[in-house]
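Visitor: Any chance you could fold what I've pasted below:
(one chain, ligands or ions: 2)
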Amino acid sequence: MHADIDALRERIRGAKKIVVLTGAGVSAESGIPTFRGDGGLWRNYRATDLATPEAFARNSALVWEFYNWRRILISKVECNPAHRALAAMQKGAADFALITQNIDGLHLKAGSRNVLEIHGNIWKVRCTHCGDVHLEEKPDLGTAPACGKCGALLRPHVVWFGEGLDPVLLESAYRLSASCDLMLVIGTSAVVQPAASFPSAATSSGAFVVEINPERTPLSASVDLTLLGKAGEIVPQLVAA
Ligand code: BJW
Ligand code: ZN
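Guide: Numbering: from 1, shown residues only. Ligands and ions are numbered 1, 2, ... in the order given. From the prediction side, this is the model:
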């Protein structure tokens, strides 16, 4: 493991273009529950069952309760060593982009730039009628927040199952993945598409792909290196002087 980390640190130093793909595991050590696995439950609902347009159509108040609960939680947590180390890694890199599936905004808060939030941002809301998107800073928006422009129901500006990703972001994410020489895949179960396909786009283009996760994932068999461990413990070692 130490030899792997030393070699990877050298590889990071020499890379022309680094792309990092993150998932919920990178925020786990900040105290934000992941979607799958232990602690992925909320009031007897699976988080993934509430992250759907069908759930919102059936019971928008319940979905808003879930998102308000997460907004309140996220408003109270701090970035962790993994977020900070990725921001530091970017400072020393020639070309660096960070693609995140997380909606918590913690990469930006830690100082990362060139961040593609492909599943949206929990601090943004979108009108279900006029489509207006804006930031709402107050954590608890109640169970039926209304659009200031047209009065219709607002929804979180996030991407639920069955919804398409922003085509501009999606195209950028694929282009970045297929043009980097090093990709780090951190804290994702790699089961949700299309994000789970970015590493293979990188591999196909000849990039060296590294996975950092305490558990093996469907990606583990095809990446060049798996570092088994917590993001907050491993990532800082990759940027240590
Ligand atoms: C640690 C750690 C520590 C713990 N350190 N690590 C092709 C094949 C099959 C299905 C599909 C397909 N294409 C599309 C689909 C359907 C679907 C899908 O992928 N389903 C699969 C589950 C089967 N995909 C979609 O619907 C997507 N839309 C789409 O493709 O649209 C096509 C379309 C085109 C045109 C018109 C219409 C449609 C959209 C997917 C949106 C996902 N949304 C969510 C909710 C976002 C909002 C919110 O957060 O509330 O995104 S679901 C949830 O999963 C969330 C996450 O971003 C996403 C990924 O989860 P992630 O980050 O990997 O978290 P976990 O919990 O799964 O894993 C955590 C990992 O961390 C674990 O591995 C731990 O071991 C690890 N870990 N502690 C490091 N300390
Ligand atoms: Zn509106």
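Visitor: Remind me what the top helix by length along the chain packs against, helices and strands.
Guide: Using DSSP state H, we find that the single longest helix of the chain is helix 60-76. Contacts defined by 3 or more Cβ pairs under 8 Å, 6 or more residues apart in numbering; DSSP states H and E place helix 60-76 against helix 47-50, helix 53-58, strand 120-127, strand 154-158. The way it works is simple: take the backbone N, C-alpha and C, and place the C-beta from them, glycine included.
Visitor: Can you lay out these as TSV showing mean pLDDT?
Guide: What follows is the helices and strands packed on helix 60-76, written out as TSV (pLDDT from 0 to 100):
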stretch	mean pLDDT
helix 47-50	90
helix 53-58	98
strand 120-127	98
strand 154-158	98
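Visitor: Tell me which of the ones you listed lies nearest to residue 20.
Guide: Minimum separation from residue 20 across the helices and strands packed on helix 60-76 (Cβ to Cβ) falls at strand 120-127, 17.6 Å.
Visitor: Between strand 154-158 and that closest one, find me the angle.
Guide: 150 degrees (axes from the mean of the first three to the mean of the last three Cα atoms, to 10 degrees).
Visitor: Going forward, the N-terminal residue is numbered 25.
Guide: Sure, I'll start numbering at 25, so the last one becomes strand 144-151.
Visitor: and whatever helix or strand comes next after strand 144-151, is it in reach of ligand 2?
Guide: Once the chain leaves strand 144-151, the next helix or strand it forms, by DSSP states H and E, is strand 157-159. No. Strand 157-159 stays clear of ligand 2 (Cβ under 5 Å from the ion), getting no nearer than 10.0 Å.
Visitor: do you know how far the nearest residue to residue 108 once chain neighbours are set aside is from ligand 1?
Guide: Once flanking residues are discounted, residue 108 sits nearest to residue 134: 5.2 Å by Cβ to Cβ, 6 or more residues apart in numbering. Using Cβ to the nearest ligand atom, to the nearest Å, we find residue 134 at a distance of 15 Å from ligand 1.
Visitor: thinking residue 134 is in contact with residue 110, fair?
Guide: Yes. Using Cβ atoms under 8 Å, residue 134 makes contact with residue 110 at a distance of 7.1 Å.
Visitor: So for the two, which sits in the more crowded spot?
Guide: Comparing residue 134 with residue 110 by neighbour count (other Cβ atoms under 10 Å), the higher total belongs to residue 110, at 29 against 20.
Visitor: hang on, that one in a strand?
Guide: No. Read with DSSP: H, G, I helix; E, B strand; the rest coil, residue 110 is helix and lies in no strand.
Visitor: re earlier: right, and the helices and strands packed on helix 84-100 - which one's nearest residue 206?
Guide: Evaluated with Cβ to Cβ, these place strand 144-151 nearest to residue 206, the distance being 26.3 Å.
Visitor: does any part of the closest one sit near ligand 2?
Guide: Yes. Strand 144-151 is in contact with ligand 2 by Cβ under 5 Å from the ion, via residue 151.
Visitor: And that strand, how far out from the chain middle?
Guide: 15 Å (Cα atoms, centre = their mean, to the nearest Å).
Visitor: tell me which helix or strand of this structure sits lowest on mean pLDDT?
Guide: Lowest on mean pLDDT, DSSP states H and E among the helices and strands of the chain sits strand 65-66, with a mean of 73.
Visitor: how about the helices in this structure?
Guide: Assigned by DSSP H, the chain shows helices spanning 26-38, 49-52, 71-74, 77-82, 84-100, 105-115, 130-133, 191-201, 222-228, 255-263.
Visitor: Next to ligand 2, which bits of this protein? Give me the list.
Guide: Within the chain, the positions lying close to ligand 2 (Cβ under 5 Å from the ion) are 151, 153-154, 156, 171, 173-174, 176.
Visitor: tell me, how many neighbours does the nearest residue to residue 183 once chain neighbours are set aside end up with?
Guide: Counting by Cβ to Cβ, 6+ apart, residue 143 is the residue found nearest to residue 183 once chain neighbours are left out, at 4.6 Å. Residue 143: 21 surrounding residues under other Cβ under 10 Å.
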